[in-house]
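Colleague: quick one: sequence and predicted model below, then my questions.
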Amino acid sequence: MKNIILILLLCFTFFSCQKNESVLETEEIALNSVFNSVVDSVYLKLTENKTISRNLKQKTIVIYDSLTTDKPGFVQFKARYKTIKNLHFDTISEKVKPKIDLLKLEKEANFKYLPKLFISRDSIKKSFWNSKHALTGVLSFSKICFDEHRKFGAFNCIYSEGDIYNAKHFLVYIKRENGKWKLDEVTKFIRHY
């Protein structure tokens with residue numbers, strides 16, 4: 001009897017750990033799959049262009065190096081995908097702030113981590129963001145909220161030039177089709193602090 005209980009306990013522990021790792025792994029795969037599409041879409045909305053500049057690959061886009069715990073709008077998420085019954089934001093993986101691994105991304109621009117730039121207070125001024133930068137601010141990304149079956153997801157992309165109250169917020173919707181994550185839509189929204 002003790003052996004059966006021990007085996008059941010070990011199985012439960014193993015499958016619980018697998019589930020936690022799986023949420024974080026799904027988050028990494030999903031973000032890596034849609035990252036360039038999201039950056040392109042946000043770049044177009046911020047610059048009000050209709051096409052990506054040919055020389056974007058020679059420009060630098062500065063990003064924050066870790067995902068934030070800023071949660072996307074649950075109401076908007078549910079309204080977007082009306083078939084979703086339960087939204088799930090894993091509370092264990094919520095505490096883990098994964099780094100964005102630039103080495104795993106197929107880079108369409110020259111991405112740099114904000115902490116590696118050693119920006120001084122004076123450099124927040126426009127003089128820092130010279131012509132080698134595609135945007136005059138920093139992009140950061142939140143963790144992804146998935147539905148319970150992990151077919152749909154949503155996360156925030158925030159663009160800031162140093163003033164959080166004037167930051168521009170985008171709600172990013174993604175979905176899994178044929179086993180691959182794709183960008184569904186990027187919408188701008190106003191954040192009330």
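Modeller: That came in fine, so what should we check first? Model, not experiment: these values are computed from the prediction.

Colleague: checking my notes, residue 70 in a strand, right?
Modeller: No. Going by DSSP: H, G, I helix; E, B strand; the rest coil, the assignment for residue 70 is coil, not a strand.

Colleague: what's across from the closest residue to it other than its chain neighbours in the sheet?
Modeller: Leaving aside its chain neighbours, residue 70 sits nearest to residue 142 (4.2 Å; criterion: Cβ to Cβ, 6 or more residues apart in numbering). (Glycine included, C-beta is placed from N, CA and C.) Beta-bridge partners for residue 142, by DSSP bridges, are residue 68.

Colleague: and the closest residue to residue 47 other than its chain neighbours, how far from residue 103?
Modeller: Spatial nearest neighbour of residue 47, excluding adjacent residues (Cβ to Cβ, 6+ apart): residue 135 at 7.7 Å. Computed as Cβ to Cβ, to the nearest Å, the residue 135 to residue 103 distance reads 22 Å.

Colleague: which one's more surrounded, these two?
Modeller: The neighbour comparison of residue 135 against residue 103 (other Cβ atoms under 10 Å) goes to residue 135, with 20 against 5.

Colleague: mind telling me what element the closest residue to residue 33 other than its chain neighbours is part of?
Modeller: Nearest non-adjacent residue to residue 33, counting by Cβ to Cβ, 6+ apart: residue 181, 3.9 Å away. Assessed by DSSP states H and E, residue 181 sits inside strand 180-189.

Colleague: next: residue 140.
Modeller: strand 133-141.

Colleague: which residues touch residue 158?
Modeller: By Cβ atoms under 8 Å, 6 or more residues apart in numbering, the residues touching residue 158 are 68, 70, 139, 140, 141, 142, 167, 168, 169, 170.

Colleague: what's the helix or strand for it?
Modeller: Residue 158 belongs to strand 152-160, assigned by DSSP H and E.

Colleague: list the buried residues in that strand.
Modeller: Neighbour counts using 16 or more other Cβ atoms under 10 Å place 152, 153, 154, 155, 156, 157, 158, 159, 160 of strand 152-160 among the buried residues.

Colleague: is it possible to get CSV of those residues that adds pLDDT and distance to residue 96?
Modeller: Listed next are the buried residues of strand 152-160 as CSV, based on pLDDT from 0 to 100; distance: Cβ to Cβ, whole Å:
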residue, pLDDT, distance to residue 96
152, 89, 21
153, 89, 16
154, 90, 18
155, 91, 15
156, 91, 17
157, 92, 19
158, 91, 19
159, 90, 24
160, 87, 23
